[in-house]
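Q: Got a predicted model here, sequence first, then my questions.
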Amino acid sequence: MNQQNGVGEHLRLRPRGSNHVGMRQFNERVVLHAIRLHGSLPKAEIARLTHLTAQTVQLIMGRLEADGLVLKQQALRGKVGQPSVPMALNPDGAFSIGLKIGRRSVDALLVDFTAQVRQRLTLPYDFPDPDTLFSDIDRMLRELTHSLKPALRQRLHGVGVAAPLSLGGWQTLLGLAPEQARGWDGIDIRERVAALTTLPVEFVKDTSAACVAELVAGHGRHMRSFLYVFVDTFIGGGLVLDSRWHSGLNGNAGAVGSLSLGLGKPAQLLSLASLFKLETRFNDAGLDPQAASDERALSAPHQRHTQRWLAQAAPAVALAVHNAACLLDLDGVILDGSFCRPLQAALLGQVNTALDQHSWEGVARPQLLPGTIGSDARAIGGALLPLYAHFAPDRELFLKLGSG
């Protein structure tokens, strides 16, 4: 969705278009997908990438322009022959709402056709109360819908919800009262949100949604197979193999937070490498725990507590990366989270140092890259679900919605 030029040919546009009769909608989506992957393109380049005839591309671009989905860019001059006119996605061509329901806040984003955030609403809390949360979400959905001009509201294609599969899980680690955790038992989040709107509603695990956002709009555009790690209240992740996000039978593929560390009674990765552990360190020292999400984490008096957290978290993440690399033969690992960019860089550096201590004999060490999107990744990933459902040539091109 995010338009970037210079994307390598190794991404391989899939699937190709068809010049046969009866493929109009499919071919239109193939063309849109080419522009999403490669940025603004002249019609001749679109024809080359999609293997459609120049005449077919000409007809498709006329229809897409008439429907308000693409825009003509300034003509490119200075080459032999007629100047070429690149075509780009129209940001106002379509919209969706991404909804992230987390253990510390709910975020609602209005996202346009190029995956840019137009409007953001956030409601922080200590832990979500289902008795009040959905009325707050109802208000947020209405506010975002009405932030669009009336003429554009018909271009709002759906709501994508990103949330943990078990909001009430790990209550002991979080210090929750049992009744707080039980409040989420049996609640179907997608169903509750769908009751608030006439728009189609999709649901995906929160860290998987963040993985999808990185796949579509970040480093994942250039990487065929990678493990995605997202550090939030709990650490989690997602998995991309051969340029496709994999959810797995139960939606748990890439759930790195549950990986065992093999320490005595095996602890899970999330028990050491999650932001709630950093928040706890700050709180025990009489400091603001919310500093875990901003640049105060690397300034006095918070810094020494952050360094102690990093000293525990980085080797634990490195162990997970090593195990994943041995099993999956990854191109890389992408690490992001709802923390500031300097803390992301510090964690990346210490994870790389910890990876130096592992033996890589017999296995290729994957490159470790910073995620590009940050805290918004989960809500943006959610918002991409309805956009891809409507405009991708293959509903499962990135999102295997039928398997989760």
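A: In hand now; what should we look at?

Q: Please make it C-alpha for all contacts and neighbour counts, starting now.
A: OK.

Q: ok, so what distance separates the closest residue to Phe234 other than its chain neighbours from Ala292?
A: Nearest non-adjacent residue to Phe234, counting by CA to CA, 6 or more residues apart in numbering: Ser274, 4.6 Å away. Per CA to CA, to the nearest Å, Ser274 is found 10 Å from Ala292.

Q: Next: Thr132.
A: Distance from Thr132 to Ala292, by CA to CA: 26 Å.

Q: more crowded one of the two?
A: Higher neighbour count among Thr132 and Ala292: Ala292, with 26 against 9, using other CA atoms under 10 Å.

Q: In this structure the more buried one contacts Thr280, no?
A: No - judged on CA atoms under 8 Å, Ala292 makes no contact with Thr280 at a distance of 9.6 Å.

Q: which stretches of the stretch 51-200 of the chain form helices?
A: With DSSP state H, counting those that start in this stretch as the criterion, the stretch 51-200 of the chain has helices at 54-66, 130-147, 150-153, 171-174, 178-182, 189-194.

Q: Strands of the stretch 301-404 of the chain, start to end?
A: 332-337, 367-370 (DSSP state E, counting those that start in this stretch).

Q: Give me the pLDDT for the residue lying closest to Arg153 once chain neighbours are set aside.
A: Spatial nearest neighbour of Arg153, excluding adjacent residues (CA to CA, 6+ apart): Thr145 at 6.8 Å. Note on Thr145: pLDDT of 97.

Q: With Gln3 instead?
A: Gln3 is given a pLDDT of 35.

Q: now do the one 4 residues further on
A: Val7 is assigned 29 on the pLDDT scale.

Q: when you give positions from now on, start the count at 894
A: OK, 894 is where the count begins now, so the last one is Val900.

Q: tell me, how many neighbours does Leu962 end up with?
A: A count of neighbours around Leu962, defined by other CA under 10 Å, yields 18.

Q: Now it. Nearest residue, chain neighbours left out?
A: Gly986 (4.4 Å).

Q: Please list all residues in contact with the closest residue to Thr1015 other than its chain neighbours.
A: Nearest residue to Thr1015 in three dimensions, chain neighbours excluded: Asp1000, at 4.5 Å (CA to CA, 6+ apart). Neighbour list for Asp1000: 991-994, 1013-1016, 1272 [criterion: CA atoms under 8 Å, 6 or more residues apart in numbering].

Q: please redo it, this time with the cut-off set to 6 Å
A: 992-993, 1014-1015 (CA atoms under 6 Å, 6 or more residues apart in numbering).

Q: mind listing the strands for the stretch 894-1043 of the chain?
A: According to DSSP E, counting those that start in this stretch, the strands that the stretch 894-1043 of the chain contains are 963-965, 980-982, 988-994, 998-1005, 1010-1017.

Q: Quick check: mean pLDDT of the second one?
A: So that's strand 980-982. Computed over strand 980-982, the mean pLDDT rounds to 93.

Q: how about low-confidence regions in the stretch 894-1043 of the chain?
A: Across the stretch 894-1043 of the chain, the ranges flagged by pLDDT under 70 are 894-916, 970-976.

Q: Same question for the stretch 1194-1297 of the chain.
A: Using pLDDT under 70, the stretch 1194-1297 of the chain drops low at 1287-1297.

Q: check contacts around the closest residue to Pro1017 other than its chain neighbours.
A: The shortest distance from Pro1017 to any non-neighbouring residue, by CA to CA, 6+ apart, is to Ser998 (4.1 Å). Contacts for Ser998 (CA under 6 Å, 6+ apart) come out as 1016-1018.

Q: Name the member of the residues you listed that has the highest neighbour count.
A: Going by other CA under 10 Å, Leu1016 tops the contacts of Ser998 with 15 neighbours.

Q: re the thing from before, sort out which one of the contacts of Ser998 lies nearest Leu962 for me.
A: Checking the contacts of Ser998 against Leu962 with CA to CA, the nearest one is Leu1016 at 32.4 Å.

Q: What's opposite Phe1123 in the beta bridge?
A: Gly1129, Asp1229 (DSSP bridges).

Q: From Gly1111, how far off is it?
A: Distance from Phe1123 to Gly1111, by CA to CA: 14 Å.

Q: And those two? Which one has more around it.
A: Between Phe1123 and Gly1111, Phe1123 has the larger neighbour count (other CA under 10 Å), namely 30 against 20.

Q: That one contacts Gly1230, doesn't it?
A: Yes - contact criterion CA atoms under 6 Å: Phe1123 and Gly1230 qualify, at 4.7 Å.

Q: who touches Leu957 in this structure?
A: Counting by CA under 6 Å, 6+ apart, Leu957 has contacts Val963.

Q: What about the nearest residue to Gly1076 once chain neighbours are set aside, how many residues nearby?
A: Spatial nearest neighbour of Gly1076, excluding adjacent residues (CA to CA, 6+ apart): Pro1023 at 6.7 Å. For Pro1023, the count of nearby residues is 14 (other CA under 10 Å).

Q: hmm, back to that, what sits against the residue nearest to Leu962?
A: Gly986 touches 961-962, 1006, counting by CA under 6 Å, 6+ apart.

Q: Not counting its own residues, what contacts stretch 1247-1254?
A: Counting by CA under 6 Å, 6+ apart, 1208, 1211 sit against stretch 1247-1254.

Q: and if you look at stretch 1178-1185?
A: 1172, 1175-1176, 1190.

Q: In ChimeraX, how would I select just the buried ones from those residues?
A: To isolate the buried ones among those in ChimeraX, judged by 16 or more other CA atoms under 10 Å, type:
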select :1172,1175,1190
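
Q: Now flag whichever of the contacts of stretch 1178-1185 is closest to Gly1242.
A: Ala1190 (16.0 Å).

Q: Now do the same contact list for that closest one.
A: 1184, 1196.

Q: What confidence value was assigned to it?
A: The model reports Ala1190 with a pLDDT of 97.

Q: which SS state does it fall under?
A: helix (DSSP: H, G, I helix; E, B strand; the rest coil).

Q: Please report the distance of it from Ile1128.
A: In terms of CA to CA, Ala1190 sits 18 Å off from Ile1128.

Q: Repeat that for Asp1222.
A: Per CA to CA, Asp1222 is found 22 Å from Ile1128.

Q: and stretch 1045-1053, which residues are buried?
A: So stretch 1045-1053, judged by 16+ other CA under 10 Å, has buried residues 1048-1053.
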